[in-house]
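# Give me a 3D structure for the following:
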Amino acid sequence: QVRLVESGGGLVQAGGSLRLSCAASGRSFSTQVVGWFRQAPGKEREFLTAISWSGKATYSADSLKGRFTISRDNTKNTVYLQMNSLEPEDTAVYYCAARGVGIISSPSGYNYWGQGTQVTVSS
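Down below sits the predicted model:
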């Protein structure tokens, strides 16, 4: 069992940066793939990026254009999402999620989810 808690969201101006954190509890977290997703009002949940258990492999959606970077520190049971050059279109609730093996982009493939953190980008 893995419990995830996101933090670091808030209000930021366009062009600014935020770093989200996903803190996990559970013995198996260090062996889990972790992904970041977001969901804007009226839209489907969107895959952003994911990282392997070791941190050596990552995969990101092309639409991010390199603005977001995922990393993890297994000694702290935490995965991070560094978001730069934020745009109003990035406004959404951001979620982290975990699964056992293999990086995938489909939300249905992730077993554990956090409660989400709101990110609002003003123009």
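
# if I look at the spatially most central residue of the chain, how far off is residue 27?
For the chain, residue 36 is the residue whose C-alpha lies nearest the centre (CA atoms, centre = their mean; 2.3 Å). From residue 36 over to residue 27 the distance is 22 Å, taken as CB to CB, to the nearest Å. Any C-beta I mention is one placed from the backbone N, CA and C, and that applies to glycine too.

# same thing with residue 68?
Counting by CB to CB - residue 68 and residue 27 are separated by 29 Å.

# again, but for residue 104
On the measure of CB to CB, residue 104 and residue 27 end up 23 Å apart.

# Quick check on these two: which one has the bigger neighbour count.
When neighbours are counted by other CB atoms under 10 Å, residue 104 comes out ahead of the other of residue 104 and residue 27, with 15 against 9.

# Checking the more buried one next. Helix, strand or coil?
For residue 104, the assignment made with DSSP: H, G, I helix; E, B strand; the rest coil gives coil.

# Name the nearest residue to it, ignoring sequence neighbours.
Computed as CB to CB, 6 or more residues apart in numbering, the closest residue to residue 104 that is not its neighbour in sequence is residue 50, at 7.4 Å.

# show me what contacts that neighbour?
When contacts are counted by CB atoms under 8 Å, 6 or more residues apart in numbering, residue 50 touches 33, 34, 35, 36, 58, 59, 60, 70, 103, 104, 105.
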